[in-house]
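# here's my sequence, what's the structure:
(one chain, ligands or ions: 1)
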Amino acid sequence: MKRTATSLAPGGGPALRLQRSLDEARGFWTQAFRRVRSETEARAAHLSAEDQIVQSMADVSPAKWHRAHTTWFFETFLLVPRLAQYAIYDERFPFLFNSYYVAAGPRHARPKRGLVTRPDAHEVAAYRAHVDAAVERLIAQVPPAEAERVFSIVEIGLHHEQQHQELLITDILHAFAQNPTHPIYNASWQPPRATQGPRGFVEVPAGIHAIGHDGESFCFDNETPLHDELIPHVRIARHLVTNAEWLEFIAAGGYATPSLWLSDGWTTVQTEGWQAPGYWRQKDGDWHIMTLAGLKPVDSAAPVQHVSYYEADAFARFAGKHLPSETEWEAAARANVIADAFGIAWQWTRSAYLPYPGYRAADGALGEYNGKFMVSQMVLRGSSLATPEGHERVSYRNFFYPPARWQFSGLRLAEFE
Ligand SMILES: [Fe+2]
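A predicted model of the protein is given here:
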């Protein structure tokens, strides 16, 4: 599922496209909307109705919930305020499918999403079809004075849905990994191939760099404001850390050596009984890993996946190196000196997820999108094999809690002189 970089919204933001022609903009957003909505359904099409109900831990959500929640997002933030005479499809759904938007009203407890067997998958499909038709009607009919605002809400709704497309994959893999029969999501799935060539470390251009989103194209608010950061003299690994390197870490007793670990990390290793990355299993004396194509032997040449921040940090210490900061990563990616920045594994950085200087979340419910999570999490950069086409950006900031490892998360190292 490795994707090439194409933008959902090429050539500037909604305002720029409006200046070209309102009719062109209507056509552009209709096509973008259909493309993204159908990708969600294509990903869910590999799953049975039973698969779509399961919630294997509180951090993950059922596939059916992802399909409904992304639909609720368009209904709540676009159709209700912007489409005249729009009536909510089912008055029970906002409580079920609101995720964390306090300003949008009360909501069902997240850990109990897997208990919602009704509406069933067919009803959720009907909900999606109803909202799809209404959104397309709005795009086609919106008056010129309101078009820019409507298209900008469509745009954030599509990027939001793409985030859930990735989660749909990572969440069902977590569920399948709990099943002793190792279910297959997609038998023809192949892991992306990492770039070959000389390994080692490359210089990150030192000095003052502009960090954050620049230009007119879409970004999330947490990528702004664009601001200056001082990048020190640092070298960054051209490649991602591989399974072969991780096997050395295991063989050297990495998971049994407390001096390599942060205190919280060591506690987690002991509590969880970690002896290897997530989804690794010993079978006939060899390590295997649960993948989207079922249980497969660990490929030593492939980049390591499903490691937590605690593990990434411990590995870096073991290797005598460091994790790059998110600004060092961004400067290196902008300078085009690193391989596999995108499309294989999100890369943990040593940066806490904090607001950029001067950042303020927007007013209203959509202001809850990113800003209120800026505590206790760590930033990952790049994108993964599950990230949909056109969703990656050099300024993109992903974030997860330090013990999380159900995402396609790996690392690259950095070294200081
Ligand atoms: Fe969401």
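# you'd agree residue 230 is in a helix?
No - per DSSP: H, G, I helix; E, B strand; the rest coil, residue 230 lies outside any helix segment and is strand.
# report how many residues lie close to residue 148.
If you count neighbours by other C-beta atoms under 10 Å, residue 148 ends up with 18. For glycine as for every other residue, the C-beta is placed from the backbone atoms N, C-alpha and C.
# and the helices in this protein?
For the chain, helices defined by DSSP state H occupy the ranges 14-20, 22-44, 63-74, 80-82, 93-97, 121-141, 144-177, 243-251, 263-272, 309-318, 326-334.
# how about the second one, which residues are buried there?
Buried residues in helix 22-44, counted by 16 or more other C-beta atoms under 10 Å: 22, 25-26, 28-29, 32-33, 36-37, 39-40, 43-44.
# got it, and the shortest one?
Neighbour-count burial for helix 80-82, counted by 16+ other C-beta under 10 Å, picks out residue 82.
# which other helices and strands contact it?
Counting contacts by 3 or more C-beta pairs under 8 Å, 6 or more residues apart in numbering; DSSP states H and E, helix 80-82 packs against helix 144-177.
# now do the longest one
Using 3+ C-beta pairs under 8 Å, 6+ apart as the contact criterion, the neighbours of helix 144-177 among helices and strands are helix 14-20, helix 22-44, helix 63-74, helix 80-82, helix 121-141, strand 286-291.
# hey, least reliable of the ones you listed by pLDDT?
Among the helices and strands packed on helix 144-177, helix 14-20 carries the lowest mean pLDDT, a mean of 57.
# where in the stretch 151-300 of the chain is pLDDT low?
Of all residues in the stretch 151-300 of the chain, none has pLDDT under 70.
# and the helices of the chain as TSV, adding distance to residue 412?
Formatted as TSV, the helices of the chain follow (distance: least, C-beta to C-beta, whole Å):
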stretch	distance to residue 412
helix 14-20	35
helix 22-44	27
helix 63-74	29
helix 80-82	43
helix 93-97	37
helix 121-141	38
helix 144-177	20
helix 243-251	11
helix 263-272	19
helix 309-318	10
helix 326-334	8
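# who wins for proximity to residue 231 among these?
Evaluated over the helices of the chain, closeness to residue 231 peaks at helix 326-334, with 4.8 Å, by C-beta to C-beta.
# give me the distance between the two termini of stretch 205-224.
Stretch 205-224 has an end-to-end distance of 22 Å (C-alpha to C-alpha, to the nearest Å).
# I meant stretch 287-300, not that one.
10 Å.
# ok, stretch 274-294 next?
21 Å.
# how far is it from where the chain is centred?
23 Å (C-alpha atoms, centre = their mean, to the nearest Å).
# quick check: buried residues in that stretch?
274, 276-280, 287-292, 294.
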